[in-house]
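1. here is a sequence together with a model predicted from it:
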Amino acid sequence: LLAFICHTLHQCQRASLTMNELYCLLPIWDQGTNLTLTILLHHIMELRSQGKCSRNLQLQMDNCYKDNKNKYMLGIFALLVHLGWFHTVQLSFLIVGHTHEDVDRMFSNFVKGMRYDSVFSLSQFEKLVKTWYAKSSCPDVILLSSIYNIKSWFESSQCLLDFEGISKPHGLLLKKDHDGVVRLWYKDYYSSGEDWKGKDEDNSQTVDIFHHLPLDQPPFCQ
């Protein structure tokens, strides 16, 4: 079970939208980058289908290389910028000791509910969830029947560059440079007042993402 919260501004940033979701899956897939990206892509495509997707994407994640802070994660979002889905993608990785308060609160309600109620089916779980949360914050329950194999897709196409040095910065930015090439900018902390490194004219400090762009679609995990 994974929790996901989306905060977005739409209609010229006059109205806010918060979407809470609980993703359920069978314990046959590893909880890693493939699962994280499947959930993110599922949510982004749902927002796009409703015309509610912002042009600038901001993500807050744990500073964990295995699940979040790796070339596969950056590759997918660099590809979405290249395709024009987003103008920019900004990633903020939490420092040690900080937590996602809103997501943790969602899990707290779930844990308390499971302590007193027995669940034997997904339909029963969906009904009980509505009793564990206030109506305004009750999450939608989504069953993942399959997940994308993003890692093997990138590895087999050999389109991603190997790059180092992204473990230290807690703020990363993906956007197109003046030549229309998607590159990676960075700074020590997302909320700091420092400029993004890599804004120099010759892009000598930016990080390239791709050898070449992938030509096919990612497969599903077997």
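-> Nice, thanks for sending it over.
2. show me where the chain has helices.
-> Secondary structure of the chain (DSSP state H): helices located at 33-49, 71-82, 101-116, 122-132, 150-157.
3. going by mean pLDDT, which of the ones you listed comes out lowest?
-> Lowest mean pLDDT within these: helix 101-116, a mean of 77.
4. can you spell out which helices and strands pack onto it?
-> Applying 3 or more C-beta pairs under 8 Å, 6 or more residues apart in numbering; DSSP states H and E, one finds that helix 101-116 contacts strand 2-10, strand 15-24, helix 122-132. Quick note: C-beta positions are derived from backbone N, CA and C, even for glycine.
5. now do it: distance to the chain's middle.
-> Remark: helix 101-116 is offset 21 Å from the chain centroid, using C-alpha atoms, centre = their mean, to the nearest Å.
6. for it, buried residues please.
-> Residues of helix 101-116 classed as buried by neighbour count (16 or more other C-beta atoms under 10 Å): 106, 109, 110, 113.
7. just stretch 173-185 next, same as before
-> So stretch 173-185, judged by 16+ other C-beta under 10 Å, has buried residues 173, 174, 175, 182, 183, 184, 185.
8. redo these as CSV? Include pLDDT and distance to residue 71.
-> Listed next are those as CSV, based on pLDDT from 0 to 100; distance: C-beta to C-beta, whole Å:
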residue, pLDDT, distance to residue 71
173, 92, 16
174, 94, 12
175, 93, 17
182, 92, 13
183, 90, 14
184, 90, 10
185, 89, 16
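9. and those residues, which is closest to residue 50?
-> Using C-beta to C-beta, residue 174 is the member of the buried residues of stretch 173-185 that lies nearest residue 50, at 23.7 Å.
10. return the distance of that closest one relative to residue 29.
-> Between residue 174 and residue 29 the computed distance is 26 Å (C-beta to C-beta, to the nearest Å).
11. kindly report the same for residue 84.
-> 30 Å.
12. in terms of packing, which of the two has more residues around it?
-> residue 29 (15 against 9; other C-beta atoms under 10 Å).
13. and residue 122, how many residues sit next to it?
-> So residue 122, with other C-beta under 10 Å, has 11 neighbours.
14. the chain should start at 24 in everything you say after this.
-> Okay, residue one is now 24; in that scheme the one you just asked about reads as residue 145.
15. contact partners for it?
-> Residue 145 makes contacts with 47, 164, 166, as judged by C-beta atoms under 8 Å, 6 or more residues apart in numbering.
16. hmm, 7 Å instead?
-> For residue 145, the contact set (C-beta atoms under 7 Å, 6 or more residues apart in numbering) comprises 47, 166.
17. same check, this time on residue 143
-> By C-beta under 7 Å, 6+ apart, the contact list for residue 143 is empty.
18. number of residues surrounding the residue nearest to residue 45 when sequence neighbours are not counted?
-> Excluding the flanking residues, the one nearest residue 45 by C-beta to C-beta, 6 or more residues apart in numbering is residue 162, at 4.6 Å. Look at residue 162: counted by other C-beta under 10 Å, it has 20 neighbours.
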